[in-house]
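Engineer: sequence plus the predicted model coming up.
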Amino acid sequence: MVPESWNTQMVPGAWSQMNKITEFLKDYRIILLIVFIIGSLAAISFLGIDQGLDLRGGSIIQIHLEKPVDADTMNVVTSVLDKRLNTFGVKDIKVRSSGDQDVIVEIAGVKPDEVENIVGTPGKFEVKIQNQTALTGADIVSVKPYQITGTEWEVPFTVSVSGAEKFAQVAQGKAGVPVDMYLDDKLVSSPELGEGLANGVPSTDVVVTGSEATREDAETEAKNIQAVLQSGALPVSVEIVGISSVSAELGDQFKTGALIAGILALIVVSLIVFLKYKNPILVLPIIFTSLAELIMILGIAAVINQNIDLAAIAGIIAAIGTGVDDQIIITDEILKGDKKKKSRRKAGFKVRMKGAFFIVYASAATLIAAMLPLAYVGFSRGYTGIGILSGFAFTTIIGVLVGIFITRPAYAKFIEKFVATD
Amino acid sequence: MELEKFMESYKPLMAIPIIITIIAVALLAFNGLNQGIDLKGGTIADLQLQKPIDQAQLDALISNGLGINEVDIKSIDASKATVEMGESVDVIQFSGVINGTATLQSFRTVGPVLSAAALTQIYWALAIAFLFMSITVFIIFRNLVPSLAVIMAALSNILIALGGMSLFGIPISMASVGALLLLIGYSVDTDILLTTRVLKRKEGTVTNRAIDAMKTGLTMSGTAIGAMAALYIVTVFFIPSAQTLADIAAVLIIGLVADILATWFLNLGILRWYLERGRR
C-alpha cells in the first residue's frame, strides 16, 4: 500500500524548502514555543529541580494527633516537632501540618533505619539540678510567651502541683546553681537558678531567666528555651502512623530506570508512528514535542517549587502520551482531507484543523477534570494519604496545558507547512 | 469491504464489552481486590542482601526475629529482596533483625489509622473524578444520548480494568488508583474522537466515518499501550523495587485494551442505534 502522504511533501527545489523553514520559524506559535523552551531551560539550570524524597533518598513520616486541633495548637505541635528534630542535628527537615489532625515530617538524606530513632522516641525532657532530676516533660503544663527586657530574657511556664513540689524540694537552697535542661539526654541549656525558686516553697508558676550579650542573643536564647520547654509539652499526644523511607542508592536506581523507560517508550511510540504513516517527517515532531514538553513541565515545576517524585514522573509520561495522541488526531484529520477532497483542499484545511482541535481540547478538558480531585487533595492536605499522588496530578495537568496552548498549535503549524499539500 | 460488513452488525458486537464488564463485576464481587499496604496497613521493605540467603531462611529470620506470622517474600535474588509484612513494624527492630544479613534500601510502614483514611479518600477521588469527567462530557456535546454513550463506555472501561486487577492480583493501592484516575480522564479521548467524527462530520456514511475514526483511535491506543508496555518491562527487569510503576503500567495496559472494546463496540453501538432511531 502506498501511503497517500508520501508524494505530498515532495517540494520542488531546496530554495523553496529553505523559505518554508524560515517562514515556519517566524510564526508566532513557533516563537512562543522556542521562548518557553529557553525560559524553562533557564529556570531548570538557575532554580534547579526539587527532587522528591523517593528520588534523592530520604524519609517521610506521618504523625497522627489523638484529636483534631485548631490552627494555633497545630502551630505549637509543628514547631515543637521541628525543634526536637533540629536538636538531633538533622539538616533539611520539613515539618508541615496536613489538615487538622496530621503532621508530615520530611527528612532528606537519612537512612531508613535512622528515622525512627529520631522521631520515634518521644522527646524526653528533663530538668536537673546538680544531677538530681527536678522536673520532667510530663510535669510541664503550659509554656507562656517569652519576654525580653534589654539583654535579659525570661520564659514563664506552669508546672503541675506534683512537679512544683518535686522542684521545690530539689532546688531548696541552691540559688545561683545552674539548672541543666536536657532534651533526649542532651544538654540544651543551663540557666542559673533564681533566688525566688530556691526557697523551698512549691510554686506552679516558674520562670526561667538569663541575660545575654546582645538583645538578639537574648531573643534567640529565649526562643530556644521556650521551644525546649514546649517539646516536653506537646499539647496533644501524637503517634507515628506511617513511615516511608528510601535510600539514596535506590533513589538513583529509580531515576535511571525512569530515564530508560522514558527513552524506550519514546522509541516504541516513534516506531509505531513510523510504521503507521511510513513517513519519517512525522516522527521528528513527535520526538521534538516529547522533549519540549518534558523541558517545559520541569521548567514550570522549577519556577513554582513543585517536587518531582516518582509519581510526578508517571504524570509526565502520561502527559507526553496524550500529546502523541493529539498529534495523531491532528495528522489524520489533515491527511484524510488531503486524500479525499483534492479540489477543495485549501478551503477545507482550516475547517479540518478546527475539527481536530475540538477533539484535542475536549480530551484535555476531561483529563484535567479527572485529575482535579487529586490536585485539590494534594494542594490542601499535602503529602498524606492520596496526596502522595499530587505530583502525578500536577505534572499531568501542567503537561496537558502546555500541550494545548504551546506544543499542539506549533505542531499544527508544522503540519500545515511541511505535510499538508500547498 | 469486510470491515464495513463487520461494523454493520453492531448490535451483537455491543454484547462483547457488556459481557466482559459483567464478568469483571462478578470477578470483583467474588474474587475481590488485593489491597496494597497503603490500604490494609502493613510494611514493605527492600533489602540489599549482604550474603546469599534463600527464601525460606529469610522468611524464618524475619518472622522469628519479629515474632509475626505474616511475612511474604515478594521477590528475592542473589543481591536483593523485597519483603512485605502484614502489620506495621518498628523500623529499628526490623533493621536489628536483618543486621548482618542485609541492609535496608527502602522501608514503608502504614498503620491502621492511615490505611482507614486512605480507603475513604480513594473512593471519593474516584467518584468525584468520574463525576467531573461526566459533566465535562455533557458540556462538550450538549446532547444527552451521545454523552451517556461516552460515559457508559468509560464506566465499562473502568470496571473491566478493576476486574483485570482482580484477575491478575494487582493490588489496589495509591499507585493503581492514580492509574485508574488517569484512565477515567484518558480513556474518553477515543470516545470523544468517535463521537465528534460521527456526529459533526458530514461526508461519507456513518460506517465510513466510524471506520476512519477507528483507524485514528487504534493508532492512539497502540502508541499508548506500546509506551506502557515499555514502562512495564523496564520496571520489572531493571527496577523491581519500583513495583508501583509496574502496577500503574499494568493497570493502564488492561484499561487501554478494555477501552478499545468499550469505544468501538459499546460506544459506537449506542451511537449508531441512536442515529438510526433518530432517522426513523
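Structural biologist: Nice, thanks for sending it over.
Engineer: tell me if the longest helix anywhere in chain A is near chain B.
Structural biologist: When chain A is parsed with DSSP state H, its longest helix is helix A:345-381. Yes. Judged by C-beta under 8 Å from any C-beta of the partner chain, helix A:345-381 comes into contact with chain B at A:355, A:358-359, A:362-363, A:365-374, A:377. No exception for glycine: its C-beta is placed from N, CA and C like everyone else's.
Engineer: what helices and strands are in contact with that helix?
Structural biologist: Counting contacts by 3 or more C-beta pairs under 8 Å, 6 or more residues apart in numbering or on different chains; DSSP states H and E, helix A:345-381 packs against helix A:310-340, helix A:390-402, helix A:408-414, helix B:112-141, helix B:174-186, helix B:188-200.
Engineer: residues near the nearest residue to A:M353 once chain neighbours are set aside, how many?
Structural biologist: Leaving out its chain neighbours, the residue that sits closest to A:M353 by C-beta to C-beta, 6 or more residues apart in numbering or on different chains is A:A412, at 5.9 Å. When neighbours are counted by other C-beta atoms under 10 Å in any protein chain shown, A:A412 registers 22.
Engineer: mind checking pLDDT for A:A412?
Structural biologist: On the pLDDT scale, A:A412 is placed at 91.
Engineer: next one: the one 10 residues further on
Structural biologist: A:D422 carries a pLDDT value of 47.
Engineer: mind listing what's buried in stretch B:133-148?
Structural biologist: B:133-134, B:136-137, B:140-141, B:146-148 (16 or more other C-beta atoms under 10 Å in any protein chain shown).
Engineer: where does the stretch 151-300 of chain A get nearest to chain B, residue-wise?
Structural biologist: Chain B sits closest to A:G257 of the stretch 151-300 of chain A, with a gap of 3.5 Å, by C-beta to the nearest C-beta.
Engineer: the residue lying closest to that residue once chain neighbours are set aside: what's it in contact with?
Structural biologist: Nearest-residue entry for A:G257: B:I239, 3.5 Å, with adjacent residues in sequence omitted and distances by C-beta to C-beta, 6+ apart. With contact taken as C-beta atoms under 8 Å, 6 or more residues apart in numbering or on different chains, B:I239 is in contact with A:253-254, A:256-257, B:245.
Engineer: which stretches of the stretch 101-250 of chain A have low pLDDT?
Structural biologist: Applying pLDDT under 70 to the stretch 101-250 of chain A picks out residues A:110-124, A:183-185, A:231-235.
Engineer: please, where are all the helices along it?
Structural biologist: With DSSP state H, counting those that start in this stretch as the criterion, the stretch 101-250 of chain A has helices at A:112-119, A:161-171, A:215-231, A:248-277.
Engineer: run through who's touching the third one.
Structural biologist: So the one you mean is helix A:215-231. A:76, A:79-80, A:83-84, A:87, A:123, A:125, A:137, A:140, A:143, A:145-148, A:150-155, A:157, A:181, A:183, A:188-189, A:191, A:208, A:210-212.
Engineer: how is the chain partitioned into domains?
Structural biologist: Because you didn't say which chain, this covers chain A. A:7-54+A:247-419, A:58-246 (automatic domain parsing).
Engineer: that was the other one, I meant chain B.
Structural biologist: Using automatic domain parsing, the domain parsing of chain B gives B:2-37+B:114-279, B:42-110.
Engineer: lowest mean pLDDT across those domains, which one is that?
Structural biologist: Looking at the domains of chain B, the weakest mean confidence is domain B:42-110, a mean of 83.
Engineer: for that one, measure first residue to last.
Structural biologist: For domain B:42-110, the first-to-last residue distance is 5 Å (C-alpha to C-alpha, to the nearest Å).
Engineer: tell me how far stretch B:154-161 lies from the chain's centre.
Structural biologist: 9 Å (C-alpha atoms, centre = their mean, to the nearest Å).
Engineer: near chain A at all, that stretch?
Structural biologist: No. Stretch B:154-161 stays clear of chain A (C-beta under 8 Å from any C-beta), getting no nearer than 8.8 Å.
Engineer: mind putting the helices of the stretch 101-250 of chain A into JSON lines with distance to B:L231?
Structural biologist: Listed next are the helices of the stretch 101-250 of chain A as JSON lines, based on distance: least, C-beta to C-beta, whole Å:
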{"stretch": "helix A:112-119", "distance to B:L231": "26"}
{"stretch": "helix A:161-171", "distance to B:L231": "59"}
{"stretch": "helix A:215-231", "distance to B:L231": "45"}
{"stretch": "helix A:248-277", "distance to B:L231": "5"}
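Engineer: let's have those helices in JSON lines, adding distance to A:F24 and mean neighbour count.
Structural biologist: Below are those laid out as JSON lines (distance: least, C-beta to C-beta, whole Å; neighbours: other C-beta atoms under 10 Å in any protein chain shown):
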{"stretch": "helix A:112-119", "distance to A:F24": "52", "mean neighbour count": "21"}
{"stretch": "helix A:161-171", "distance to A:F24": "79", "mean neighbour count": "18"}
{"stretch": "helix A:215-231", "distance to A:F24": "61", "mean neighbour count": "20"}
{"stretch": "helix A:248-277", "distance to A:F24": "20", "mean neighbour count": "19"}
